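Visitor: give the three-dimensional model of this entry:
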Amino acid sequence: MKNNINVSIVIPVYNMEKHLEQCMDSILNQSLEDIEIICVNDGSTDKSPNILEKYSKIDDRIKIIFQRNKGLGAARNKGLKNAKGEYVSFIDSDDWVDKNMLKNLYDNAHFNNADITMCQVCTFDDVTEKLDYNSPYFSLDCFSKEFDNKIFTHKDTKDFFLSFAVTAWNKIYKNDFLKGIGANFPELVFEDNLFFVDTYLRAKRISLVKKSLYFYRINKKDSIIGGAGKEHFDLIKISNLIMESLVSSGNYETYKERVRNWNIEAFNLRYSGITEIYKSDFFNLIKENLSKWSKDSVNCLNKPNKILFDSFLLANTYREFDLMKQNQKLNHQINKEKNIINALKKEKKSLVKKNKKHQKELNEIYSSKSWKLTKTFRKLRNLLR
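Guide: This is a model prediction of the structure:
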């Protein structure tokens with residue numbers, strides 16, 4: 001192992017034998033060579049430990065840490081604690097990266113003395129096997145060209161905060177920066193959300209590489225997060241921790257509106273996708289959480305999210321809430337169709353008015369002396385044709 005480590009790569013591994021080799025190959029083939037690869041085996045019960053052992057014999061830059069299953073956040077924290085590089089990168093074991101990802105990010109970060117440097121992401125659909133480079137959320141479309149060669153902070157992106165990838169893995173972080181702010185992942189699901197907010201709001205220098213260098217696997221059955229089960233209840237805790245982070249970093253007033261609307265949208269999205277047997281409990285947790293929101297928080301909501309907020313509180317059961325949502329959707333469709341009908345009626349009225357005007361102009365022409373005087377000439381012209 002070389003003493004000069006540019007980037008420490010932290011890879012949490014839990015039962016990823018199907019994709020682990022592709023991930024490891026993409027990291028071992030990096031054009032940036034001065035790296036350390038910290039694989040945290042989080043209690044895998046498949047062949048993942050054997051695969052890691054095989055790779056560790058091939059390359060002495062690989063370090064394997066074994067722990068009992070504690071989850072993604074705990075595995076990343078363990079790797080972060082052992083990271084010795086100037087910068088730290090997090091890569092999930094079911095994804096892979098471009099061979100120049102770490103070099104591009106490190107060169108940019110090192111040159112700009114950045115606390116965080118991030119790149120674009122390409123998604124890979126595990127079912128259709130199609131690559132998508134154009135997802136606005138992952139392609140960072142909200143960043144205009146002026147950000148390409150600019151050092152910035154969260155203050156420069158406050159208008160689209162949380163509108164781009166709040167993930168840990170399309171970024172590299174200065175190790176001293178992470179240690180200086182005591183950055184850590186919560187040992188909960190949706191841990192990336194809080195880690196992003198904690199680090200992004202405290203970074204003094206952020207830079208961007210407008211290249212798709214990370215390949216994120218979607219629609220996978222063996223996802224690290226897994227199905228929409230009871231673990232998704234953690235979203236409530238994460239949302240509260242994010243608000244605490246806003247307050248402690250002095251950014252509550254700046255971002256309360258964006259975060260509160262984002263909270264409602266996230267609650268609704270995760271509720272819609274959760275397994276039926278957990279719907280009632282999740283609904284009750286969301287309702288209990290929303291009932292504690294301050295008037296200031298509620299006033300931050302836009303109209304659609306205020307309707308959702310009210311629906312959560314007014315419904316006595318999750319089934320009643322679902323019916324309310326269906327009714328709102330139906331009313332929205334009815335109003336949409338009414339608007340179309342009204343627009344057509346308005347257009348028809350306008351055409352009738354124009355037609356009357358044209359008819360009036362024609363009548364004036366037909367009754368004019370010049371039209372009557374030239375009647376013979378028009379007949380003669382028609383005969384000559």
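Visitor: longest helix in this protein, please.
Guide: When the chain is parsed with DSSP state H, its longest helix is helix 318-366.
Visitor: mean pLDDT per helix and strand in the protein: which one sits at the bottom?
Guide: Considering only helices and strands, the least confidently modelled element of the chain by mean pLDDT, DSSP states H and E is helix 375-384, at a mean of 73.
Visitor: could you check the pLDDT of the nearest residue to K287 once chain neighbours are set aside?
Guide: Closest residue to K287 in three dimensions, ignoring its sequence neighbours and counting by C-beta to C-beta, 6 or more residues apart in numbering: F312, at 5.2 Å. In short, each C-beta sits where N, CA and C put it, glycine included. The confidence metric pLDDT takes the value 96 at F312.
Visitor: show me the contacts for F312.
Guide: Counting by C-beta atoms under 8 Å, 6 or more residues apart in numbering, F312 touches F267, F283, I286, K287, L290, F321.
Visitor: could you do Y87 as well?
Guide: Each residue near Y87 by C-beta under 8 Å, 6+ apart is listed here: N6, V7, S8, L105, Y106, A109, H110, I172, Y173, K174, N175.
Visitor: which of those fall in strands?
Guide: For those, the ones inside strands are V7, S8, I172, Y173, K174, with DSSP state E as the criterion.
Visitor: looking at it, V166 is touching N193, isn't it?
Guide: Yes. Under the criterion of C-beta atoms under 8 Å, V166 is in contact with N193, at a separation of 5.5 Å.
Visitor: strands - which of the contacts of F312 land there?
Guide: With strands defined by DSSP E, no entry of those lies inside them.
Visitor: for those, which one is nearest W96?
Guide: For the contacts of F312, the closest approach to W96 (C-beta to C-beta) belongs to F267, at 32.2 Å.
Visitor: per-domain residue ranges of the chain.
Guide: Using automatic domain parsing, the domain parsing of the chain gives 1-226, 227-314, 330-384.
Visitor: just to revisit the earlier point, list just the nearest of the contacts of F312 to T374.
Guide: Each of those was scored against T374 by C-beta to C-beta, and F321 proved nearest at 75.7 Å.
Visitor: can you confirm the residue nearest to K287 is in a helix?
Guide: Yes. Going by DSSP: H, G, I helix; E, B strand; the rest coil, the assignment for F312 places it inside a helix.
Visitor: roughly how far apart are it and L301?
Guide: F312 is 12 Å from L301, where distance means C-beta to C-beta, to the nearest Å.
Visitor: strands along the stretch 1-150 of the chain, start to end?
Guide: Counting by DSSP state E, counting those that start in this stretch, the stretch 1-150 of the chain has strands at residues 7-13, 35-42, 62-67, 87-90, 96-97, 116-125, 131-132.
Visitor: columns mean pLDDT on top of those strands, output as CSV?
Guide: Output for the strands of the stretch 1-150 of the chain, formatted as CSV (pLDDT from 0 to 100):
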stretch, mean pLDDT
strand 7-13, 98
strand 35-42, 98
strand 62-67, 97
strand 87-90, 98
strand 96-97, 98
strand 116-125, 97
strand 131-132, 96
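Visitor: so which of those strands comes closest to F161?
Guide: Among the strands of the stretch 1-150 of the chain, the nearest to F161 by C-beta to C-beta is strand 116-125 (13.9 Å).
Visitor: name the residues of that closest one that are buried.
Guide: The neighbour-count criterion (16 or more other C-beta atoms under 10 Å) identifies I116, T117, M118, C119, Q120, V121, C122, T123, F124 as the buried residues of strand 116-125.
Visitor: could I get those as TSV with distance to M16?
Guide: What follows is the buried residues of strand 116-125, written out as TSV (distance: C-beta to C-beta, whole Å):
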residue	distance to M16
I116	26
T117	26
M118	24
C119	22
Q120	24
V121	19
C122	19
T123	18
F124	15
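Visitor: CA atoms of the least confident helix or strand of the chain as CSV?
Guide: Output in CSV follows, covering the C-alpha atoms of helix 375-384 (Å, rounded to 0.1, in the frame of the first residue of the first chain):
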residue,chain,number,x,y,z
LYS,A,375,-70.6,42.9,-62.2
THR,A,376,-70.7,42.8,-66.0
PHE,A,377,-66.9,42.7,-66.2
ARG,A,378,-66.7,39.8,-63.8
LYS,A,379,-69.2,37.8,-65.9
LEU,A,380,-67.2,38.5,-69.1
ARG,A,381,-64.0,37.4,-67.3
ASN,A,382,-65.6,34.2,-66.2
LEU,A,383,-66.8,33.5,-69.8
LEU,A,384,-63.3,34.1,-71.2
